[in-house]
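Asker: Let's see this in three dimensions:
(one chain, ligands or ions: 1)
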Amino acid sequence: MAGSLDEKTAVVTGSSNGIGFAIAQHLATEGANVVINSRSQTRAQEAAEEIDCSSGVLPIEADVTDYSSLRSLAEQTVDEFGSLDIWVNNAGINIRGPAEDISLDDWQTVLDVNLSGTFYGARVAGNRMIEQGTGGNIINISSMMGEQGQTGRTPYNTSKGGVNNLTRCLAVEWAEHDIQVNAVAPGYIQTDMVDDAQDQIGFEKQDVVDRTPLGRFGTVDEVANCVAFLAEGAHFMTGEILHPDGGWLAFGWGSKE
Ligand SMILES: NC(=O)c1ccc[n+]([C@@H]2O[C@H](COP(=O)([O-])OP(=O)(O)OC[C@H]3O[C@@H](n4cnc5c(N)ncnc54)[C@H](OP(=O)(O)O)[C@@H]3O)[C@@H](O)[C@H]2O)c1
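Answerer: As a prediction, the model looks like this:
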């Protein structure tokens, strides 16, 4: 059966598990060749073996904070599949702590992975798409926290706010090349990152459920659906930030009832 992304090639950074893996699986189901990326070749290989599709799957180790390794990833992608059409900047981390004493190394690490890593990935992809002359789709995985202040999350929320405006800047700058740059900024999605938060700061999952109008956590597949929609490119949107957040940002103050 024909998929909406047949003949396309997609890179998904940080796709060894969680949201990134679900995105890679959805794009592959729609017919795209996919590159699975992790900081470990073993984890990338293991994830690639789990992808269920008839298109090509290529595991490549690269750290998104290392620009030259992302350039090499793009070259290997084009050598294997012949083009680069979709790039999803998904790799991300969170280190939590009070702003007055979180270590400067931790601050820098979060900014390096979440913000610089997204810029590096977008730049590698943008250069290749400009060279190809075929346009393309770049999708940045931000967070609804890019729109909000929260205690103990200053590096993460700041980095995602930066990703939102990076998305708008690149969308405007690369529109002349028909490169659409959009972001998906989820609310709380059940992944290891959420379990880490529970371990690190003891947050209560029920509090999230109670604060969310739809009354539950989102799923990785719901985020992947948003990315697949953007990756198809038939929406006249660029510089847009989609929020699969169960209504979190829409909800102001007061009772949900
Ligand atoms: N979960 C949520 O509630 C939520 C909400 C909003 C936004 N997000 C965003 O969604 C994205 C994915 O989150 P997740 O919850 O799926 O996280 P996760 O389960 O912790 O997965 C993170 C992924 O990123 C990879 N990664 C981390 N640092 C990397 C680096 N320097 N270079 C390359 N890959 C790297 C990890 O791969 P290896 O460890 O194998 O290298 C892993 O595949 C992140 O950008 C996150 O901020 C998540």
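
Asker: List, one by one, the residues from the stretch 1-150 of the chain near the ligand.
Answerer: 13-20, 37-40, 43, 63-65, 90-93, 113, 117, 141, 143 (CB under 6 Å from any ligand atom). Where you see a C-beta, it was placed from the backbone N, CA and C, and this is true even at glycine.

Asker: need the strands for this structure, in chain order.
Answerer: Ranges of strands in the chain, per DSSP state E, are 9-12, 33-38, 57-61, 86-89, 136-141, 179-184, 241-242.

Asker: mind putting those strands in TSV, mean neighbour count and mean pLDDT included?
Answerer: What follows is the strands of the chain, written out as TSV (neighbours: other CB atoms under 10 Å; pLDDT from 0 to 100):
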stretch	mean neighbour count	mean pLDDT
strand 9-12	30	98
strand 33-38	29	98
strand 57-61	20	98
strand 86-89	30	99
strand 136-141	26	99
strand 179-184	26	98
strand 241-242	18	98
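
Asker: Let's have the ones you listed in CSV, adding distance to Met1.
Answerer: Output for these, formatted as CSV (distance: least, CB to CB, whole Å):
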stretch, distance to Met1
strand 9-12, 19
strand 33-38, 17
strand 57-61, 18
strand 86-89, 20
strand 136-141, 22
strand 179-184, 26
strand 241-242, 27
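
Asker: what residues are up against the residue of the stretch 51-200 of the chain found nearest the ligand?
Answerer: Per CB to the nearest ligand atom, Gly92 is where the stretch 51-200 of the chain lies closest to the ligand, at 2.2 Å. The contact partners of Gly92, by CB atoms under 8 Å, 6 or more residues apart in numbering, come to Gly14, Val113, Asn114, Gly117, Ile141, Ser143, Met193.

Asker: now with 6 Å?
Answerer: Listed by CB atoms under 6 Å, 6 or more residues apart in numbering, the contact set of Gly92 reads Asn114.

Asker: Okay, Asp178 and Arg128: tell me how far apart.
Answerer: For Asp178, the distance to Arg128 equals 14 Å [CB to CB, to the nearest Å].

Asker: neighbour count winner among these two?
Answerer: More crowded of Asp178 and Arg128, by other CB atoms under 10 Å: Arg128, with 21 against 15.

Asker: burial measure for the residue lying closest to Val194 once chain neighbours are set aside, as a count.
Answerer: Spatially, and ignoring its direct neighbours in sequence, Val194 is nearest to Tyr188 (6.3 Å; CB to CB, 6 or more residues apart in numbering). By other CB under 10 Å, 23 other residues sit near Tyr188.

Asker: My read is that Tyr188 contacts Val208, right?
Answerer: Yes: with contact defined as CB atoms under 6 Å, Tyr188 counts as touching Val208 (4.8 Å).
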